[in-house]
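Chemist: Test case, fold it:
(one chain, ligands or ions: 1)
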Amino acid sequence: MATHEQLPSTSSRTVIDPTVCEPTVSVQDKSSKDAAPSTALRRQEAILTTKKINIGTRRSALAVIQAENVEKALKKAHPEIEYEIHAMATMGDKNQTTPLHQFGAKSLWTHELEAQLLDGQLDIVVHCLKDMPTQLPPNCIIGCIMDREDPRDAVVMKKGSEYKTLADLPDGSVVGTSSVRRSAQIKVKYPTLKFKDVRGNLGTRLSKLDAEDGEYSCLVLAAAGLLRMDWGNRITQYLDSKTPGGGMLHAVGQGALAIEVREGDEKILDVLSDLVDESVTRAGTAERSLLRTLEGGCSVPIGVETRWIEKGKLLMKAIVVSLDGQEYVEAERLDEILNVKDADEFGWKLAQELVEKGAAKILEAINLNREVIEEGGGA
Ligand SMILES: NCc1[nH]cc(CCC(=O)O)c1CC(=O)O
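Modeler: Numbers count the residues shown, from 1 in each chain. Alright, predicted model coming up:
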């Protein structure tokens with residue numbers, strides 16, 4: 001059963017309708033927060049008593065850049081507070097050989113950091129929203145979803161390649177990706193391409209691609225990671241629903257940064273409220289609600305694309321694909337989304353639409369015959 005992103009319990013924040021579903025995880029909704037009369041005063045007090053914030057992150061180059069971006073934004077909003085970044089290796093970073101599906105849930109990238117957060121050694125943890133499980137552990141919540149880098153997937157050709165797009169590649173060319181969402185969607189449009197797993201952080205993956213005796217013709221990666229690393233010049237094609245010759249939809253949460261905090265840590269929530277991007281929070285919440293409704297605890301090859309058509313009107317497209325690309329179900333929905341609760345319901349409704357169109361059958365077949373149903377492999 002799907003459960004909603006729970007909102008913090010103070011009256012100043014929106015509360016999910018408990019009759020719809022049991023709340024488990026929280027997202028800070030700035031609009032509802034600002035509505036509280038005593039907010040300004042309480043925030044001022046909280047900020048005055050917060051002296052230092054310990055920021056946790058994975059230790060890959062990309063993760064550290066992301067944490068530094070968060071630190072920069074926090075310093076700008078609250079220069080009086082001291083910040084320290086603690087970068088640590090998670091299980092996913094340490095073990096690059098065990099097939100991802102043997103680890104089970106995505107918490108592979110988040111577990112150790114969450115343990116330190118709950119212990120009090122860390123005050124906030126910076127994550128790619130995409131890497132966060134849709135159900136967080138008890139007492140952990142999303143305190144802030146920040147602005148979003150380009151959410152699209154992108155093609156990176158091997159250095160010196162004469163090709164630019166997936167359509168250019170000769171039959172049998174090998175595309176490097178560990179994401180079944182990517183391979184399944186690409187198979188729909190380009191059935192003659194082959195796929196091979198590629199693991200490691202972004203730098204490692206690019207050197208595997210460029211190696212002289214390398215076996216990959218190209219990689220498909222999140223544009224966001226490449227752009228944050230300043231490797232945007234390696235991108236030869238962006239993939240989205242409108243890509244000529246056949247596009248694809250990105251992962252839930254892709255491109256957005258999220259900050260995880262201890263539930264009830266009002267001081268930290270108040271400090272973070274300056275970093276909240278409301279549009280991204282709502283779009284990200286809708287995407288996660290769709291995933292939570294469909295996945296039933298497991299990762300699945302589903303893609304999404306969200307776009308604000310005009311103020312308050314969100315368009316979401318979604319696709320569920322069989323692993324071989326032979327079957328897929330698509331749906332889209334346009335609705336007025338004024339807060340996180342609307343966004344949560346919106347994602348749930350689009351998931352229902354996909355199920356009605358046959359997504360459940362595709363997902364069932366995948367769950368019965370599970371292989372690497374995991375997004376990515378670390379960055
Ligand atoms: N799977 C790992 C991962 N998690 C987040 C990103 C990219 C950055 C982002 O989405 O914010 C990546 C790399 C990739 O998929 O290419």
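
Chemist: per the record, what domains does the protein have?
Modeler: Taking automatic domain parsing as the criterion, the chain consists of the domains 5-150+252-368, 153-239.

Chemist: I'd like these as TSV, with mean neighbour count appended.
Modeler: From N, CA and C alone the C-beta is placed, and that goes for glycine too. Putting the domains of the chain into TSV (neighbours: other CB atoms under 10 Å) gives the following:
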stretch	mean neighbour count
domain 5-150+252-368	19
domain 153-239	19
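
Chemist: mind putting those in a markdown table, distance to G246 included?
Modeler: As requested, the domains of the chain are exported to a markdown table (distance: least, CB to CB, whole Å):
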| stretch | distance to G246 |
| --- | --- |
| domain 5-150+252-368 | 11 |
| domain 153-239 | 3 |
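
Chemist: In CSV, list those along with distance to G245 and mean pLDDT.
Modeler: Formatted as CSV, the domains of the chain follow (distance: least, CB to CB, whole Å; pLDDT from 0 to 100):
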stretch, distance to G245, mean pLDDT
domain 5-150+252-368, 15, 84
domain 153-239, 4, 97
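
Chemist: Need the ones you listed in a markdown table (columns: distance to the ligand).
Modeler: Converted to a markdown table, the domains of the chain look like this (distance: least, CB to the nearest ligand atom, whole Å):
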| stretch | distance to the ligand |
| --- | --- |
| domain 5-150+252-368 | 4 |
| domain 153-239 | 4 |
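
Chemist: ok now do A167, which residues does it touch?
Modeler: A167 is in contact with Y190, P244, G245, G246, counting by CB atoms under 8 Å, 6 or more residues apart in numbering.

Chemist: and with 6 Å instead?
Modeler: Residues near A167 by CB atoms under 6 Å, 6 or more residues apart in numbering: G245.

Chemist: just V174 next, same as before
Modeler: By CB under 6 Å, 6+ apart, the contact set of V174 is K194, K196, E215, Y216, S217.

Chemist: E263 now?
Modeler: If a contact means CB under 6 Å, 6+ apart, then E263 has N139, I141 as its contacts.

Chemist: does E149 really touch A224, like I thought?
Modeler: Yes. Because the distance of 3.9 Å satisfies CB atoms under 6 Å, E149 is recorded as touching A224.

Chemist: okay, and the common contacts of the two?
Modeler: G255.

Chemist: what's the helix or strand for D342?
Modeler: helix 340-356 (DSSP states H and E).

Chemist: tell me what that helix is packed against?
Modeler: With contacts defined as 3 or more CB pairs under 6 Å, 6 or more residues apart in numbering; DSSP states H and E, the packing partners of helix 340-356 are helix 278-295, strand 313-321, strand 328-336.

Chemist: how far out from the middle of the chain is that helix?
Modeler: For helix 340-356, the separation from the chain centroid amounts to 17 Å (computed by CA atoms, centre = their mean, to the nearest Å).

Chemist: Give me the contacts around stretch 326-333.
Modeler: Applying CB under 6 Å, 6+ apart, the external contacts of stretch 326-333 come out as 188, 316-321, 350, 353-354, 357-359, 362.

Chemist: Not counting its neighbours along the chain, what's nearest P191?
Modeler: G325 (6.8 Å; CB to CB, 6 or more residues apart in numbering).

Chemist: can you give me phi and psi for that neighbour?
Modeler: When quoted as degrees, to the nearest 10, the phi and psi of G325 stand at phi 70, psi 10.

Chemist: Equivalent analysis for A258, please.
Modeler: When read as degrees, to the nearest 10, the backbone of A258 gives phi -130, psi 150.

Chemist: show me what contacts the nearest residue to it once chain neighbours are set aside?
Modeler: Nearest non-adjacent residue to A258, counting by CB to CB, 6+ apart: L129, 4.2 Å away. For L129, the contact set (CB under 6 Å, 6+ apart) comprises G253, A256, A258, G284.

Chemist: Compute the first-to-last residue distance for stretch 230-237.
Modeler: For stretch 230-237, the first-to-last residue distance is 16 Å (CA to CA, to the nearest Å).

Chemist: Next one: the residue lying closest to K313 once chain neighbours are set aside from Q352, what distance?
Modeler: Here the nearest residue to K313 in space, its sequence neighbours aside, is E336; by CB to CB, 6+ apart that works out to 5.8 Å. As defined by CB to CB, to the nearest Å, E336 lies at a distance of 18 Å from Q352.

Chemist: try N54
Modeler: Distance from N54 to Q352, by CB to CB: 41 Å.
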